[in-house]
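J.: just coords:
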């Protein structure tokens, strides 16, 4: 049931786009950890800390978690991710792609990788 809901997308709120970012970071860490001989136990913590700073920037811009994503808030999120991550970093790149798809086509975000 959850997988069916995720395929259709989730409502395009600020908190859901943040959930997408955190989910992509976590999925990335799981994939990389599965390939590594010695797992980096600090990586996910650093990634999620940076994601929390993105969330803080959105809050500072006046966003509330359940509020619908707007072009202005999307720009704040994009700029914050640009400051905190490399935009070519796979989980961030996927999140940016979903933000762009929402802004151009109205496509809802998805937690699926």
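T.: Cool, the structure landed. Note that the structure is predicted; figures quoted are calculated from it, not measured. Numbering: from 1, shown residues only.

J.: Now do the SS call for residue 10.
T.: Put simply, residue 10 is coil when judged by DSSP: H, G, I helix; E, B strand; the rest coil.

J.: contacting residues for residue 87?
T.: When contacts are counted by Cβ atoms under 8 Å, 6 or more residues apart in numbering, residue 87 touches 81, 93, 96. All C-beta spots, glycine's among them, are computed from the backbone N, C-alpha and C.

J.: can you redo the residues you listed as CSV with neighbour count, secondary structure and pLDDT?
T.: Listed next are the contacts of residue 87 as CSV, based on neighbours: other Cβ atoms under 10 Å; DSSP: H, G, I helix; E, B strand; the rest coil; pLDDT from 0 to 100:
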residue, neighbour count, secondary structure, pLDDT
81, 24, helix, 98
93, 15, helix, 97
96, 20, helix, 97
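
J.: Quick one: these as CSV, columns for distance to residue 18 too.
T.: Output for the contacts of residue 87, formatted as CSV (distance: Cβ to Cβ, whole Å):
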residue, distance to residue 18
81, 11
93, 16
96, 13
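
J.: so the residue nearest to the spatial centre of the chain is in which element?
T.: For the chain, residue 21 is the residue whose C-alpha lies nearest the centre (Cα atoms, centre = their mean; 1.4 Å). In this structure, residue 21 sits in helix 14-35 according to DSSP states H and E.
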